[in-house]
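Chemist: Provided below are the primary sequence and the corresponding predicted coordinates.
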Amino acid sequence: MKVNTIKRAGRSHFVNMGPIRLRQPFPTQAIESIDPFVLLHHYGPYEISEVNNPFDLGPHPHRGFEPITFLIQGEQLHRDSLGHESIVKSGDVQWTTAGRGIIHAEGPTKDLVKRGGVIEGIQLWLNLPADKKMMEANYQHIKHNEFNVVTSEDGKVTIRIVAGEFQNIYGKIATQTPVNAFMIDAKATGETFISYSNTHQGFIYLLKGNILINDVENIELDKNQLMEFNQDGNGFSINAVEDSKLLFLSGQPINEVVATYGPYVMNSQTELLEAMRDYQMGKMGFLPAN
């Protein structure tokens, strides 16, 4: 197997989103996007209680892409204008296809707020191609114990396949474009090779620990949490320096002009204006505040 060489490593700087302080590895001045992925937020860990609840997002719209949540710790309540209401727990993934428009709300469950606890997760924005931006909205929620898992030969690395394919094992999430999403847990000294198509752009994001990539470069918290690969090989090797957790994402580039404003990802300024108008006119549905 030929390894994918490292294109660049990026830090995961903190940004303020209203009252919420979170990490944003991209977009940044250095990394605008990693096509087809347009945004990645790492929120938390936040201490949640009845006197401290910084992560409670009321009803808000989306159009033109797929907002995805990988919940690392805690419990979130999801509600949307399609009529879904579900509790997303630690290790679960919710994969929303906004398409022509959806309104959703998410925040810690009332039980978590009452008893206190920690919430942490990844919010990922995956672009949709122009011919799918106005498709019907959809929502998928897959629980932690429902994912297919591949274990390394040494038994120390587990790869939870959220979407896509690894070693002929497939994810439960139905995707609109060719995408891989794996959550990887590695115990200290664990090692394996993660293979994927060289038609994809791929990267890893470290949530915990310290990993040696391709036996040449470490990826560590607060130093270089995101590592992007060139499309010149068949995958990459990992060797865990300590117990670690990382998210691997890859996708076939869409190679289209992207126009973004607030909660919309379209192909032109005109389409952004249409999205704002349609939301104001109620064409994306309705979701009452909780």
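Modeler: All right, it came through fine.
Chemist: which elements pack onto the helix or strand harbouring Thr270?
Modeler: Using DSSP states H and E, Thr270 sits within helix 269-280. With contacts defined as 3 or more CB pairs under 8 Å, 6 or more residues apart in numbering; DSSP states H and E, helix 269-280 has these neighbours: strand 259-261, strand 264-266. (C-beta placed from N, C-alpha, C; glycine too.)
Chemist: just for the protein, where's the confidence low?
Modeler: 290 (pLDDT under 70).
Chemist: what's the most buried one of the helices and strands packed on helix 269-280?
Modeler: strand 264-266 (a mean of 24; mean count of other CB atoms under 10 Å).
Chemist: centre of the chain to that strand, how far?
Modeler: Between the centre of strand 264-266 and the centre of its chain there are 17 Å (CA atoms, centre = their mean, to the nearest Å).
Chemist: report the contact partners of the most centrally placed residue in the chain.
Modeler: The chain has Leu124 as the residue nearest its centroid, 3.2 Å off, counting by CA atoms, centre = their mean. Shown in contact with Leu124 (CB atoms under 8 Å, 6 or more residues apart in numbering): Phe37, Leu39, Leu40, His41, Pro67, Ile68, Thr69, Phe70, Leu249.
Chemist: wait, which of these is closest to Lys110?
Modeler: Distance to Lys110 across these (CB to CB) is lowest for Thr69, with 18.4 Å.
Chemist: so that closest one bridges to which residues?
Modeler: Beta-bridge partners for Thr69, by DSSP bridges, are Gln94, Gln123.
Chemist: that one contacts Leu126, doesn't it?
Modeler: No: the criterion here is CB atoms under 8 Å, and Thr69 misses it with Leu126 at 11.7 Å.
Chemist: more neighbours: which of those two?
Modeler: Taking other CB atoms under 10 Å, Thr69 and Leu126 do not tie; Leu126 has more neighbours (26 against 21).
Chemist: need the contact list for the more buried one.
Modeler: By CB under 8 Å, 6+ apart, the neighbours of Leu126 are Pro36, Phe37, Val38, Phe65, Glu66, Ile68, Thr177, Val179, Gly251.
Chemist: would you confirm that the last one contacts His200?
Modeler: Yes: with contact defined as CB under 8 Å, Gly251 and His200 form a contacting pair (5.6 Å).
Chemist: now the common contact residues for those two.
Modeler: By CB under 8 Å, 6+ apart, the residues touching both Gly251 and His200 are Pro178, Asn180.
Chemist: surely Val113 forms part of a helix?
Modeler: Yes: membership of Val113 in a helix is supported by DSSP: H, G, I helix; E, B strand; the rest coil.
Chemist: nearest to Tyr139, out of the helices and strands packed on helix 269-280?
Modeler: Tyr139 lies closest to strand 264-266 among these, at 17.5 Å (CB to CB).
Chemist: counting contacts, what elements does that closest one pack onto?
Modeler: Going by 3+ CB pairs under 8 Å, 6+ apart, strand 264-266 lies up against strand 259-261, helix 269-280.
Chemist: does Ile102 touch His60 like I think?
Modeler: No: applying CB under 8 Å as the test, Ile102 and His60 come out as separate, 9.8 Å apart.
Chemist: out of the two, which sits in the busier spot?
Modeler: A direct count of neighbours by other CB under 10 Å for Ile102 and His60 places Ile102 higher, at 25 against 14.
Chemist: tally of neighbours for the closest residue to that one other than its chain neighbours?
Modeler: Computed as CB to CB, 6 or more residues apart in numbering, the closest residue to Ile102 that is not its neighbour in sequence is Ala137, at 4.1 Å. Ala137 is flanked by 21 other residues according to other CB under 10 Å.
Chemist: any chance of the contacts of Leu124 in a markdown table, plus distance to Ala240?
Modeler: A markdown table is the format used below for the contacts of Leu124 (distance: CB to CB, whole Å):
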| residue | distance to Ala240 |
| --- | --- |
| Phe37 | 24 |
| Leu39 | 28 |
| Leu40 | 22 |
| His41 | 25 |
| Pro67 | 30 |
| Ile68 | 25 |
| Thr69 | 25 |
| Phe70 | 19 |
| Leu249 | 19 |
